[in-house]
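Trainee: For reference, the sequence and a predicted model appear below.
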Amino acid sequence: MTNQTESFDGFVERRQLVDWSAAYWAGLLSGLAFLSMYLVVAPLTNGSSLNQFLRYVASLLTGLSAIEEGIGPGLTLGALIAHLIISFIFALLIVIVLHRWGFIVGILLGAVLGLIVYAITIFPASTYFPWFSEINDWFLILTHAVFGAAAGGVYEFLEVEEYELIQE
């Protein structure tokens, strides 16, 4: 674990930089981990599915018709792309917060930040898209915690630590 800055003879400090390549992979892999939980675990636990989740994501783009009528291949692809874009954005926020803490803290704090992502996305989404309250259950909370833990863990595992020197 390194500090954000360290003093060198009182003249120069160094600051750890974000590894953007590791951040990219953290966003992609944590987004895929989230989808994988809906593909594999959800049908066994709460009866939902990846298709159901993608219909809800598609409803962000098209409205309630995506849930009521289902979605075709084009809208499924759009929902996957939308989910991955959202995953990248939130993974980047998680990475920026925890990029200097190390692997274990990355996983644990990442899970906490994933829960914060849940709180700041699902509650407002349920206000503007009331049908989102139908999928707001313990499994959705769990997937967000796993997403955050994956984002933090993958980032810290792949990170190449780099520092920049700065003048005081």
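Mentor: Perfect, thanks for sending it.
Trainee: where exactly do the strands run in the chain?
Mentor: Taking DSSP state E as the criterion, the chain contains strands spanning 5-8, 12-16, 163-167.
Trainee: Would you mind checking which of those strands scores lowest on average pLDDT?
Mentor: The weakest mean pLDDT among those belongs to strand 5-8, with a mean of 51.
Trainee: low-scoring stretches of the chain, by residue?
Mentor: Residue ranges of the chain with pLDDT under 70: 1-12, 168.
Trainee: please redo it, this time with the cut-off set to 50
Mentor: 1-3 (pLDDT under 50).
Trainee: which residues in it form helices?
Mentor: 20-36, 42-45, 50-62, 65-69, 73-98, 103-128, 138-158 (DSSP state H).
Trainee: Residue 167 is nearest to which of those helices?
Mentor: helix 73-98 (23.1 Å; CB to CB). Bear in mind the C-beta positions are built from the backbone N, C-alpha and C, glycine included.
Trainee: Which strands or helices does the closest one pack on?
Mentor: Counting contacts by 3 or more CB pairs under 8 Å, 6 or more residues apart in numbering; DSSP states H and E, helix 73-98 is packed against helix 20-36, helix 50-62, helix 103-128, helix 138-158.
Trainee: returning to what we had before: format the helices of the chain as CSV; extra columns: distance to residue 165 and mean neighbour count.
Mentor: What follows is these, written out as CSV (distance: least, CB to CB, whole Å; neighbours: other CB atoms under 10 Å):
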stretch, distance to residue 165, mean neighbour count
helix 20-36, 19, 19
helix 42-45, 48, 13
helix 50-62, 43, 19
helix 65-69, 51, 15
helix 73-98, 20, 18
helix 103-128, 25, 17
helix 138-158, 23, 22
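Trainee: As a markdown table, those helices with distance to residue 14 would be great.
Mentor: Listed next are the helices of the chain as a markdown table, based on distance: least, CB to CB, whole Å:
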| stretch | distance to residue 14 |
| --- | --- |
| helix 20-36 | 18 |
| helix 42-45 | 45 |
| helix 50-62 | 41 |
| helix 65-69 | 49 |
| helix 73-98 | 18 |
| helix 103-128 | 20 |
| helix 138-158 | 19 |
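Trainee: Select, out of the ones you listed, the one closest to residue 13.
Mentor: Of all the helices of the chain, helix 73-98 comes closest under CB to CB, at 19.1 Å.
Trainee: The closest one to helix 138-158, inter-axis angle?
Mentor: Interaxial angle of helix 73-98 relative to helix 138-158 (axes from the mean of the first three to the mean of the last three CA atoms, to 10 degrees): 60 degrees.
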